[in-house]
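Trainee: my questions concern the predicted model and sequence given below.
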Amino acid sequence: MFNIASTKIDKSKISLKEIIVVSVIYLCVISFILRVQLETGFNILTGDRYDGLIENSLLEHWYNVFRGKSPWNIVGYFSPYPNTLGYNDGYFLYGLIASFFRFSGTDIFLSAELVNIVLRTIGYYSFYALCRRCIGLKPFLAITGASIFTLNNNLVLQSGHAQLLSVALSPLLTLLLYRYMLFLTSGNSRKKAILYGSASGILLGSWLLSTFYMAWFFIFFTMILTIFIVLISYWEKRRHNESFIRPSFNVYEIIIPAIVTLLSFLPFLIVYLQSAKKVGVHHFGEVLSYTPRLTNLLNPGDTNFLFGKLSQHYFSIFPPNFQLGGEFMVGFPPVILIVSLVSLIYFFKNSAFTIESVLIRSLLLAVILSLLLMIKFGNHTLWKLVWELVPGAKGMRVTARYALFLNFPITVLVVYFLGKVARYKYKGLTIILACLLIMEQINLGRSQWLNRQEQLNFIKQAEEPPPSCRSFFVSGQRLDESLNKKDDATYNVYAHNVDAMLLSEIFALRTINGFSTFNPSDWDFGFQPHETYISRVDNYINKHHIQTGLCEYDLYTSRWHTHTGISTLPLKVQ
């Protein structure tokens, strides 16, 4: 359609001085993000007692895989079900990174935090490289973009869901795809085209096997972007009466990366297609309940550094059914929205027919359409069309998380506008806007609630399971936690099940307990009513014929017992 190799990019070498400046700014950004961890000597970590431990158990699963102790597609929980990796995000790339730290002697919880740091580091530097090498921005604005993307106001309060941090892979994959298209259309290097195309496919397949939400959002947004590029290019060619340029490439430059991509997708497809058949997908009523209103996207949160108090004052007048907290804390700060709106007006008012213009207008339209699809008006949303028509959409429950991904293309648009337009005409204003754009991304909220020492003590207190144990379930609750939270639904389903998940990976021993995005149809391991908990466990055991070698681990006493089908332990109540 057009030759991407003809686009002008900054090909100047990055000097040592530039690398030092970029790295110093990175250290400032990451130090702010890790301020709680640094203040506590990395004792309080990202996550909490529930979702945080689920992530840790899945990372430890991959450590067991690489040690040869577990099959790759069967995690420790929901025994005796096979293919249980597909009941939740797979965390493959996370586990790969965490295993490096585990093999070096780092404990399970610190390793998980180091994974988060590695992801943010990848996001920062790859976004910087994207701005410098693909967009052609000068260092100041490339640093601005990388800082905005990494600080990400609307991701701070959602960082307890560590799988969402994989949005950091977006600029890296974009870089790889850009380089692929560059060499593909230029015809200068078949080997490099095949290399970058194959690398893109491997990264995308690994990303899908790691965290489905962000990988799917990247694919979905890229699909919308590509459609707009085709439509605008066709329209402009017809309007200017120009013929289409046929790119010069070899068929192997398409076929080989396509085969590599398909092979990279196979593990994901094997795991998740089978799981979808067993446990189903999310019903649209559930999806609708997690679809944001326009209000949610305009709310930067009451802990935003610049606009927190204003947000708290303004959004406090809205009724409770507007759901401004929890998963709906995904709003954008106002300055980035205003600059985006100005760039929209400018680029469509001054739209010369160039490859650069086609790309930027397509990007703007893809963002606008994405926002329109995502927003809920009353009880209606265009996302119903996405849910019905786009493969994979039914596997996602929280539509609001799309806003966390959209921070990536919106940041690209904003820094592009500043670099290509405002910098030449309003240099002083550009510097002020850049500073405001960074400052408004600073959020003083936190998602660090996991006490590392407490969890290490929990593991340390646990006895090694008897050699006869082939699987286990947990009874009771931790000594320091109450059994009487009968009205706490989260505690009822999470606490003991999450403990079982963690212990199952620590000892590489499967458990019937667990709690996940999707649970088996006969899952009945909520702790309340605790008087019937053991009988419900026994029903499951008898149904699956797994009495032999089954052990019972009492969380209250940290002791193992052989289970005979009748509880050997009384229920403990503090």
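Mentor: It's in.
Trainee: tell me which helix or strand of the protein sits lowest on mean pLDDT?
Mentor: helix 423-425 (a mean of 66; mean pLDDT, DSSP states H and E).
Trainee: following that one, which helix or strand shows up next?
Mentor: The helix or strand immediately downstream of helix 423-425 is helix 427-439, counting by DSSP states H and E.
Trainee: need the residues that contact the helix or strand that that next one is followed by.
Mentor: Stepping forward along the backbone from helix 427-439, the first helix or strand reached (DSSP H and E) is strand 448-451. For strand 448-451, contacts defined as CB atoms under 8 Å, 6 or more residues apart in numbering pick out 36-37, 43-49, 52-53, 109, 160. (Glycine included, C-beta is placed from N, CA and C.)
Trainee: which pair of those residues spans the longest distance?
Mentor: Largest separation among the contacts of strand 448-451 by CB to CB: Val36 and Leu53, giving 18.0 Å.
Trainee: so for those two, which residue has more residues nearby?
Mentor: Neighbours were counted for Val36 and for Leu53 using other CB atoms under 10 Å; Leu53 has more, 24 against 16.
Trainee: which SSE is the more buried one in?
Mentor: Using DSSP H and E, Leu53 sits in helix 51-66.
Trainee: average pLDDT across that helix?
Mentor: Confidence for helix 51-66, expressed as mean pLDDT, is 97.
Trainee: ditto for stretch 550-570
Mentor: The pLDDT scores in stretch 550-570 average 77.
Trainee: quick revisit: which of the contacts of strand 448-451 lies closest to Thr295?
Mentor: Nearest to Thr295, judged by CB to CB, of the contacts of strand 448-451 is Gly160 at 22.7 Å.
Trainee: so that closest one belongs to a helix, correct?
Mentor: No: the assignment for Gly160, made by DSSP: H, G, I helix; E, B strand; the rest coil, is coil rather than a helix.
Trainee: show me what contacts it?
Mentor: With CB under 8 Å, 6+ apart, Gly160 has these contacts: Thr46, Gly47, Asp48, Asp51, Gly52, Ser447, Trp449.
Trainee: if the closest residue to the fifth one other than its chain neighbours is in a bridge, with which residues?
Mentor: Ranked by CB to CB, 6 or more residues apart in numbering and with sequence neighbours excluded, the top spatial neighbour of Gly52 is Leu450, at 4.2 Å. Beta-bridge partners for Leu450, by DSSP bridges, are Leu45.
Trainee: give me the neighbour count for Leu450.
Mentor: Around Leu450 there are 24 other residues, counting by other CB under 10 Å.
Trainee: can you check the one 3 residues further on too?
Mentor: Here the number of neighbours of Gln453 (other CB under 10 Å) works out to 12.
Trainee: relative to Leu371, how far out is Met223?
Mentor: Distance of Met223 to Leu371, given as CB to CB, to the nearest Å: 16 Å.
Trainee: when the two are compared, which one has more neighbours?
Mentor: For Met223 versus Leu371, the count of surrounding residues by other CB under 10 Å is larger for Leu371: 17 against 11.
Trainee: got a list of what that one touches?
Mentor: Going by CB under 8 Å, 6+ apart, Leu371 touches Leu297, Leu406.
Trainee: what about it, which SS state?
Mentor: helix.
Trainee: same deal with Val281?
Mentor: With three-state DSSP as the basis, Val281 sits in coil.
Trainee: look up how far Tyr125 lies from it.
Mentor: Counting by CB to CB - Val281 and Tyr125 are separated by 36 Å.
Trainee: and stretch 116-131, what's its mean pLDDT?
Mentor: 97.
Trainee: who's in contact with it?
Mentor: Stretch 116-131 is contacted by residues 22, 26, 29-30, 33-34, 46, 94, 97, 137, 141-143, 145-147, 149-150, 159, 162, 165-172, 174-175, 178, 411-412, 415, 419 when judged by CB under 8 Å, 6+ apart.
Trainee: what's near enough to touch the nearest residue to Ser166 once chain neighbours are set aside?
Mentor: With CB to CB, 6+ apart as the criterion, Ser166 has its nearest non-adjacent residue at 4.2 Å, and that residue is Thr211. By CB under 8 Å, 6+ apart, the contact set of Thr211 is Asp89, Gly90, Tyr91, Tyr94, Gln163, Leu164, Ser166.
Trainee: among those residues, which one sits closest to Lys17?
Mentor: Lys17 has its nearest neighbour among the contacts of Thr211 in Ser166, at 31.8 Å by CB to CB.
Trainee: doesn't that closest one fall inside a helix?
Mentor: Yes: counting by three-state DSSP, Ser166 falls inside a helix.
Trainee: could I get the pLDDT score of it?
Mentor: Reported pLDDT at Ser166 in the predicted model: 98.
Trainee: for Asn379, same thing?
Mentor: With respect to pLDDT, Asn379 has a value of 89.
Trainee: stretch 35-53: which residues count as buried?
Mentor: 36-37, 42-53 (16 or more other CB atoms under 10 Å).
Trainee: what's the most distant pair in these?
Mentor: It's Phe42 and Tyr50 that sit farthest apart of those, by CB to CB, at 20.2 Å.
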